[in-house]
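S.K.: Task: produce atomic coordinates for the following.
(3 chains)
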Amino acid sequence: MKSGQTNIDPDWAWSAFQPEQPEDWTQRQVAHFYRRCGFAANPEMLQSGLQKSPLQLASEQISNRQESSQVEQVSASLARSVLATADAKNLPAWWTHRLLNTSAPLLEKMTLFWHGHFATGAEKVKDAQLMFDQNQILREHALGNFGSLVHAISQDPAMLIYLDSASNRKVHPNENFAREIMELFVLGEGNYSEKDIRELARCFTGWEIRRDQFYFNRFQHDFDEKIIFNDTGTFTGEQGVDLVLEQPAGAEFVVGKLMQFFIADEGLQHPELIQPLASQFRDSGLETGALLETMLSSNLFYSDYAMGRKIRSPVDFAIGLLNAFEGTTNLLELNRGLDELGQRLFYPPNVKGWEGGRNWINSSTLLARANLMQSLLVRDETRFGGGSLSQYCKTHGVTSLQEAIDWFVEILLAVPLSEPKHSELVQRCEHGSGSFENNLRRGLGLIVSLPEYQLA
Amino acid sequence: MQTFAQTTFYSGMLAALFSLGIYAEAPAGDAARYFPATTIIYAEIDQPVDLIKGAQQNPQISQLLDELKTIPAIKKSMEGKDFQKFQFALKVVEAKLGQKWPEALAALTHHGISIGVDPVSNGVGLLMQAEDAEALNNITNSLVELIEGDAKSKGQEPHFEQVEYREAKVFKASDFGFATWNNWILIGNKSDVGRSMLDALIDDSNTGLSSTENFRNASNAKTGDAIAWLFIDIDAARAANPDENIYSNKADDPGGEFLLGGLYSAFHETPYLTGELQTVDSGLKLKLSVPFDRSSISEERNHYFGPEGTGSASSPIYVPGHLLTISFYRDLSQMFQRAGDLFDEKANDDLAKADVGLSTLFSGRNFADEVLSGISPQMQFVIARQTFAEDKPIPSIKLPGFALVTELKDPKVSRKEFRRNFINAIGFFNIVGAMNGQPQLEIDFESIEGGELVTTNMVPEVDQKPDTEARINYNFSPSIAFSDNLMIISTTSELAEAVASSKESLSVEPAEDTEDIRNTAMLLSVKELVRLVLDNREHLISQNMLKEGHTQEEAETEIDSLVKIVRLFKRSKAVLSTSETTLDFTLEVEINADKSPRE
Amino acid sequence: MSFVRREILQLSATGLAVFGFQQTAPAFWGQIADNAAGQENILVVVQMTGGNDGLNTIIPYTQDEYYKQRPKLAVPKRDVLKINDEFGFNPALDGFSELLEAGLLGVVQGVGYAQPNRSHFESMDIWHTCQRKTGDRSDGWLGRAIDQLAEGESTETTGMHIGNRKQPLAVASRLHRVPSIRSIEQFRLQTQEKDSIQAMRSLAQSENSEADSLLNFVQTSTTTAIDVSQKLQQVSKSKNSNIQYPETELAGKLKTVSQLIASDIGARVYYVEIDGFDTHAFQAPAHTALLRELGDALNSFAQDLREKGMQERVLTMCFSEFGRRVAQNASDGTDHGTAAPMFLMGSNLEPGLIGKHPSLTNLDNGDLKFHTDFRQVYATVLDNWLRCDSSLILDKQYESLPLFVASR
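M.R.: This next block holds a predicted model:
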């Protein structure tokens, strides 16, 4: 792969993908789009996706920034219940319910991206309401302006509590938030100096959280002159954030991270590929939506450099299966499982969020993946399209085990299964003893344990 | 889904059984002698025909069935394919038999049903005596014909192999078989057990289960008006599984000892268990008994039964909003002092560790020896629904109040200790709570007749408007109350005050030797339970959606159905008691006779 | 019925033969065995939460001052399990006594740090991160060690926390996930049917996938995971270890650790906790129970390791966030103090007491004075046992201690 990437022509890479042959635009491409830009597609979504162009598909998702009122109403009522318990441990189930029902998949996917980017853990914040409020902020700005998002998050109580910055006094400026905003949120390592951090930290003095709300304590603010990135002035915290956002390195940092999130885990982090999009991002005033429109309808996005070049995150792994067949299940159990798989929503492991890529995979997480699916698939609560899997298959014209396995493989796998393996799979499934329903579920269990399914 | 179906099934069963008492007559013949002497579990229904007829004719049952049919989940499953198939099969059978299935069943079981489990052979036998041989043969032949016909039409091998054994006709299938002789039908899973039972039947043998001493003793105590009767040979069960915890006489952990210690004492040596299901007033009563001698209880179980078994629980307290009361006789101080005999090494080590912390709180007084011994062994645990004041934040999730009610032996001394510790605990809670951003508790003192109240109140957060969506913390106003000898520790001030002003006394007159002594008594009010569910309907629906993967409509239906089913009942009582010769557990369920159960 | 079963057997036999599962160990199996088995040193850390009373653990039974300061709590001279002419173990520590006799136990005395903090949380954080409050506490010392050990290797689990409580900050890593394992069950593949595991493994075989591609990576990881799981089941079932662990929580955790090590799962650092050392009142029975739990569990663990032939490569280290004050308090307990002993168990140690016992008379405000910084112990273990560069983990090079037998 290493040899290939230098050959990628940036102009080609970021031009809109225009399928010329019918075989360039099949269910496989549409499924790829929804795997990356949402949490997998069900058969109906695949069908209707085929009728649209790649650009239509992307821009439709990007302009879809409002959840349908029906989903919103149910989600809000679940949120009320969860928040009434005042226990942040119940939040993951709430979010996964939304992921399973959303009418705006890209919006949720981007909210998840920002959750990992602005990682804040409920373990430390503890307050469920604050974690929930932060999640709302992330969603509100998920496809909007990156600058506005950084401004909002920099005064977000959950974030400041998480970074030990709930009080910040001028005699002893807390450098934590200043450091993270440069290193992890906007610029990336190597694009600032330690002195910049110290000076920026002075801008944030007087920023406090009082009674769970942001509060500016002017008696604690350092009103003296600061020098940041060679700019001199009596900058406020807000101005400090603006200075960071104005740094050109920021666009590259964010574009690179988004490419890794949406296109491929490895091998594409090359300046010549990142540059064009970064300039576009800067020129647009850091509009995330416009940037994603280019990225998610590009030749590169639909190329072999992208297809199957990501390891499914635990959320993609589990929600992806359920969504593909309109599945529902015990979400408390599902989230307990996700924790063991290494991705507990609202509880990222540290300030850097989830590393992703190969880090998702090790012996304990792989066994946990197989076990989670096994335990979900044997549960009565796990239903497909509101009923049994066999019923669901039948309504989609799939009546034999062989047909079902073919269908599952076609919908679920991002990389093709080799012919011998495919026939071995069918053979092994057919020899399961038990009812049709059990054999189907067992087959599905085997498919999602395949290495191929771990790729997206 | 499954649990829901089960609930429905059981409540239907209960109602069916309940209707039966009206028709129950004198007990019928004794089938136990045909079961092997090694049978461990044996149960019989003497008058099943009455059960079936009663169920058909009882207006309450039909009302209940109608009620159940309106529950959407049941409605849906009745409209489902499987149920339709079943209905069709039933119709075919009825056509073949020339009678409706309840009649057929009644004919088949006319003189009683008995079932037995024999661990020696892993055999299970079901014995029924039909109205007459003709009816029996008619039914069995028709069924076999139907089944074999179906198999043949599908190109399968016949299911049954038909053989003769002495005068009986035997039908053998791959993993079970049945045999008919005169008006008897025997169904079983092991051919050797079947054979020996048939022998006993044909020879009218008298050497079976009913000849064993345990069974004879057990059946002597039958009261006669029971719908169903159960016998378990504990001696044999214990011999078969000597390592089972229940026979070991050791609970290992304090929680288990507190709840079940007495049962461990009993099951360690009792020979058998009997059970009787009866109808009473407007409900059902299940009574399980084991022979037990309360005067010879080992000393380390004095904490459970009191000295020489005389420890008696007080009458359950009833307060407004009452949901559940459990009244115990348990001498905690005794239990902790006897820990060395009662628990294993690990539990003892854990107790030693716990003792450190608790003793620290009680200003260095030893918790087990000095603190607990100040509490009398009669104690009660009370749960009641609470009311919420409108001018304060009302929690979105509404929990009932919980209270532990005890009596102090020497209130003058121990009141102060407990009051101070309560205040300390609140202070500690406030400090920890403050660190975690939780609301604070404010303490208030109040004098009441014969005592005092220390109440707390969750301080609304600054800027908090009176709201009805407050967090769960606002359910709690931990309080302690003292009234004469009573001490009440409660999660709400409302409940503490209610119990204190009820002026109940926990002391119980010492019982006469011959009387039943209640060790534990439980009282449950269904009405308040329903109200509690309705108070929290929205949250239960949410919980159901997340847990069961249901849609909102499905979840609503399920919760509402649950309420409907629970409403079929009025209250329930359970008592663990000792008589001169037995240890008894009695459970009573009262059916809601209210014609319009909906609110 | 039997017909179907026979058919399945035949099929699986063919399947197995084709994919070489049954007879020959796959190549990578040898590889992980090489990497892990018998080669790499392993560190097991036991955290004694709450502040262990060092003075009643290692008892200066010849010093009148001890009996004077602890009229009720002092262990009588006759009960002490003697280490030498001056010091002895608490009588509950016969497990330690046996370990010492076998030359497997080292006790580092007087361990602490400058300007000691007496808050449980704060002091524990200092032990975990080696940073004061003002420093960067986003990862722990073992987390940083794990990052070093796993550098350039696959992402296989390098550290594990055994327990169901919150993960200790000590193992927090910025680069690697350290799983918390509740029980060995988590490593068992739950399947409805036995041949599902074979199916899963056989279907995961890498063929035709580009080396170093993501697919190849997941394939090899999957087969490894299944093998580890199978091996672990064998290990936990096998009767070759006859060691009966006590029925305590700590013993249960250490047993799990032993099984994990034996299954060649490849972890280098294990972390377990035992809680309850905060003995402010009626200390004696509770502290006795805790020490017995500790000593017996470690002793069984050592025997088990020896039986399994793993003793040479496992070092166990026990610490507590602080010791307790010299004088007992009014409720027959002790309050938060400072310096305390640390315990090391392994076969390459200098056995016995290391460093002198802190003076009972030359006190700092009623507390023992430390003479050995805990980071010296860390540094010695990191450099000489885990073969890390401790200066990168602890921010500077601490003077090492003579903990290990020179040859190692």
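S.K.: do the helix or strand hosting B:Phe83 and chain A meet at all?
M.R.: B:Phe83 is part of helix B:81-97 when elements are defined by DSSP states H and E. No - for helix B:81-97, no contact with chain A is found by C-beta under 8 Å from any C-beta of the partner chain; the gap never falls below 10.0 Å. Quick note: C-beta positions are derived from backbone N, CA and C, even for glycine.
S.K.: helix or strand right after that helix?
M.R.: For helix B:81-97, the following helix or strand on the C-terminal side (DSSP H and E) is helix B:101-108.
S.K.: The helix or strand just after that next one - contacts with which helices or strands?
M.R.: Per DSSP H and E, the first helix or strand lying C-terminal to helix B:101-108 is strand B:113-118. Under the contact definition 3 or more C-beta pairs under 8 Å, 6 or more residues apart in numbering or on different chains; DSSP states H and E, strand B:113-118 sits against strand B:41-45, strand B:123-129.
S.K.: residue ranges of the helices in chain C, please?
M.R.: For chain C, applying DSSP state H gives helices covering C:2-19, C:27-36, C:64-69, C:94-101, C:120-129, C:141-149, C:194-204, C:214-237, C:249-262, C:283-307, C:374-384, C:390-393.
S.K.: make that the stretch 351-456 of chain A, sorry
M.R.: Under the criterion DSSP state H, counting those that start in this stretch, the stretch 351-456 of chain A contains helices at A:363-377, A:389-395, A:401-412, A:419-430, A:436-449.
S.K.: Would you pull up how far the third one lies from the middle of the chain?
M.R.: Same thing as helix A:401-412. 27 Å (C-alpha atoms, centre = their mean, to the nearest Å).
S.K.: Dig out what the residue nearest to the spatial centre of chain C forms beta bridges with.
M.R.: Centroid-nearest residue in chain C: C:Val44, 2.1 Å away (criterion: C-alpha atoms, centre = their mean). Using DSSP bridges, the beta-bridge partners of C:Val44 come out as C:Tyr270, C:Thr316.
S.K.: quick one: it and C:Met310 touch, right?
M.R.: No - counting by C-beta atoms under 8 Å, C:Met310 is not a contact partner of C:Val44; they are 11.0 Å apart.
S.K.: For the stretch 301-408 of chain C, which residue gets nearest to chain B?
M.R.: C:Ser331 (3.8 Å; C-beta to the nearest C-beta).
S.K.: how near is that residue to chain A?
M.R.: Remark: distance between C:Ser331 and chain A (C-beta to the nearest C-beta, to the nearest Å) = 32 Å.
S.K.: Same check on C:Glu207?
M.R.: Using C-beta to the nearest C-beta, C:Glu207 is found at 7 Å from chain A.
S.K.: That residue - how many residues pack around it?
M.R.: Neighbourhood size, C:Glu207 [other C-beta atoms under 10 Å in any protein chain shown]: 10.
S.K.: ranges for the helices of the stretch 401-550 of chain B?
M.R.: Under DSSP H, counting those that start in this stretch, the stretch 401-550 of chain B gives helices at B:411-435, B:493-501, B:526-535, B:537-548.
S.K.: now the first one, how far from the centre of its chain.
M.R.: What it means is helix B:411-435. Distance of helix B:411-435 from the chain centroid (C-alpha atoms, centre = their mean) equals 36 Å.
S.K.: circling back: which of the helices of the stretch 401-550 of chain B is buried the deepest?
M.R.: Burial of those is given as mean neighbour count (mean count of other C-beta atoms under 10 Å in any protein chain shown); helix B:493-501 ranks first at a mean of 23.
S.K.: same question for that helix, mean pLDDT?
M.R.: The predicted model assigns helix B:493-501 a mean pLDDT of 93.
S.K.: can you count the residues close to the residue of the stretch 101-250 of chain A found nearest chain C?
M.R.: Residue nearest to chain C within the stretch 101-250 of chain A (C-beta to the nearest C-beta): A:Glu123, separated by 7.1 Å. Residues lying near A:Glu123 (other C-beta under 10 Å) number 16.
S.K.: right, and A:Gln454 touches A:Ala318 too?
M.R.: No - assessed by C-beta under 8 Å, A:Gln454 is found out of contact with A:Ala318, at 11.9 Å.
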